[in-house]
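Asks: build the 3D model from these lines:
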Amino acid sequence: MNFDIDGGNVYAYTGGKSMNPAQPTVVFLHGAQHDHSVWGLQSRYLAHHGMNVLALDLPGHVRSTGAPLKSIGEMADCVVAVLDAAGIGKAAWVGHSMGSLIALDAAARHPERVSRIALVGTAYPMKVSDALLEAAAEREPQAIALVNAWSHSTLAAKPSAPGPGFWTWGGNQRLMERVSRRNPAKVFLTDFEACNRYDQGMEEAARVKCPVLAVLGRRDQMTPPRAAQTLLDALREAGAPVETALVNAGHAIMTEQPDALLDALVPFLRA
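Replies: All right, here's what the predicted structure looks like:
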């Protein structure tokens, strides 16, 4: 589906199904330099098992036009605008990495639009090193190669996604390169800077009351499980019901362990 948001196009993959107002809705939010396709298995499964799915390309990413948004808050507001355009009042928000910050921000500032949030490969603060920011600004191919290497726990994950035999490492590399080719703006740098600048995490966590699921990769070098604990503790202290699931994956949880992620998401989203 395509939505006209502030004069630009925002694309959402629906899993091959039309929106059904009688069904609950889940929004999938990708991380830096990615698009909706990272959620291929999870989004399609849920779309064919009783849920409306909106897996977005955030502005400036592949099928969505315009410049990439510069702050996590702007991204959250954009997703709310998509829900408005789709006629959806409330949805579950599932976000990976940068997308997890978007879900967190929305749950605090737009609680009437968020039924629950799943934070996949999350951390707070989500700081990016000066060296990586500089590489994204001046040597983007090198930044892509570095992040791709750090995102995977193995050269050949099994069973992998979208199915056995697919090379998740190579597929992720090509996806990030495709984002660069489709948009001459510094998408990677803008995404990284948005994560690096986001400093409202503890304040926002104190306002979240909806159920929270954190899915973390045991071998994640980008957002290791320990980097999420302060945020999860703050959410619990605020009264939010918090569940956690540890899976045997690196940062690329959706593709390295697609079934384990789906196993964690399905009961949480259907509760």
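
Asks: got a list of what Val179 touches?
Replies: Residues near Val179 by C-beta atoms under 8 Å, 6 or more residues apart in numbering: Gln33, His34, Asp35, His61, Val62, Val187, Phe188. C-betas here are computed from N, CA, C, even on glycine.

Asks: in what helix or strand does it lie?
Replies: Using DSSP states H and E, Val179 sits in helix 168-182.

Asks: these two touch, right, Trp150 and Arg219?
Replies: No. With contacts counted by C-beta atoms under 8 Å, Trp150 stays clear of Arg219, the gap being 10.8 Å.

Asks: can you list the contacts of Val179 in a markdown table and add secondary structure and distance to Val212?
Replies: Putting those into a markdown table (DSSP: H, G, I helix; E, B strand; the rest coil; distance: C-beta to C-beta, whole Å) gives the following:
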| residue | secondary structure | distance to Val212 |
| --- | --- | --- |
| Gln33 | coil | 25 |
| His34 | coil | 22 |
| Asp35 | coil | 25 |
| His61 | coil | 25 |
| Val62 | coil | 29 |
| Val187 | helix | 28 |
| Phe188 | helix | 28 |
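
Asks: where does the stretch 151-271 of the chain have low pLDDT?
Replies: Along the stretch 151-271 of the chain, the parts satisfying pLDDT under 70 run over 159-165.

Asks: all strands for it, in order.
Replies: 212-217, 242-247 (DSSP state E, counting those that start in this stretch).

Asks: and Arg63, how far is that from Val120?
Replies: To Val120, Arg63 is 21 Å away according to C-beta to C-beta, to the nearest Å.

Asks: hang on, the earlier thing: next, the buried residues of the helix holding Val179.
Replies: If you call a residue buried by 16 or more other C-beta atoms under 10 Å, then helix 168-182 has these buried ones: Thr168, Trp169, Gly171, Asn172, Gln173, Leu175, Met176, Glu177, Arg178, Val179, Ser180, Arg182.

Asks: measure Ala123 to Leu104 for me?
Replies: Between Ala123 and Leu104 the computed distance is 11 Å (C-beta to C-beta).

Asks: ok, Gly40 next?
Replies: Taking C-beta to C-beta as the measure, Gly40 falls 24 Å from Leu104.

Asks: so where does Tyr45 fall, helix or strand?
Replies: helix 40-47.

Asks: give me the more crowded residue out of Arg63 and Val120.
Replies: Under the criterion of other C-beta atoms under 10 Å, the comparison of Arg63 against Val120 puts Val120 first, with 31 against 16.
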